[in-house]
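Chemist: Here is a sequence together with a model predicted from it:
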Amino acid sequence: MPLLRNLLKTLDGLRSHHRRRLSFLNPPIERRRPRIMMEDYAARHSIEHTLDRKAELRRLAPLRPEAAVRYHQLLTYELEGLREVMTTLQTTTAGRDLYECLAENKVEIERLEIEVAWCATLLPSGPSLRNEA
């Protein structure tokens, strides 16, 4: 009898060792992990590209009118988006983290308003370039 039990135990161990784990048995977060990693990489790459482009436009804005127009447009979009986020956050109920986020966004809005005003001084006075942007 002990020999038979050892044999069954050994066979059961071999069978479970070589069994392939079925992906649908994994927790949902583990099944989505590769996709989340790809999306995270793409988002970071997109943000880095946008920040590089923004820095380049800021550098060129004083020298080239078309860069000033594009930079002003980009800043205006960013400012509008941040104001929308602020409006949405103010309707949310939360604790200290929300208030810290609102304070940080308020400071960022003030900084962007200053940047937009500076960039507006660089814009050409003719309506042709402003309409093209």
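Modeler: Great, that's in hand. Residues are numbered from 1 along each chain as shown.
Chemist: residues contacting the spatially closest residue to residue 83 that is not a sequence neighbour?
Modeler: Among residues not flanking residue 83 along the chain, residue 109 sits closest, at 6.6 Å (Cβ to Cβ, 6 or more residues apart in numbering). Using the backbone N, CA and C atoms, a C-beta is placed for each residue, glycine as well. Residue 109 makes contact with 79, 82-83, 86 under the criterion Cβ atoms under 8 Å, 6 or more residues apart in numbering.
Chemist: Mind doing that once more with 10 Å?
Modeler: Each residue near residue 109 by Cβ atoms under 10 Å, 6 or more residues apart in numbering is listed here: 78-79, 82-83, 85-86.
Chemist: The helix ranked longest in the chain: which residues count as buried?
Modeler: Taking DSSP state H as the assignment, the helix of the chain that covers the most residues is helix 28-60. Of the residues in helix 28-60, 57-58 count as buried by neighbour count, 16 or more other Cβ atoms under 10 Å.
Chemist: And the pLDDT for the residue nearest the centre of the chain?
Modeler: In the chain, the C-alpha closest to the average C-alpha coordinate belongs to residue 43, at a distance of 5.2 Å (Cα atoms, centre = their mean). At residue 43 the predicted local distance difference test score is 91.
Chemist: Many thanks, I have nothing further to ask.
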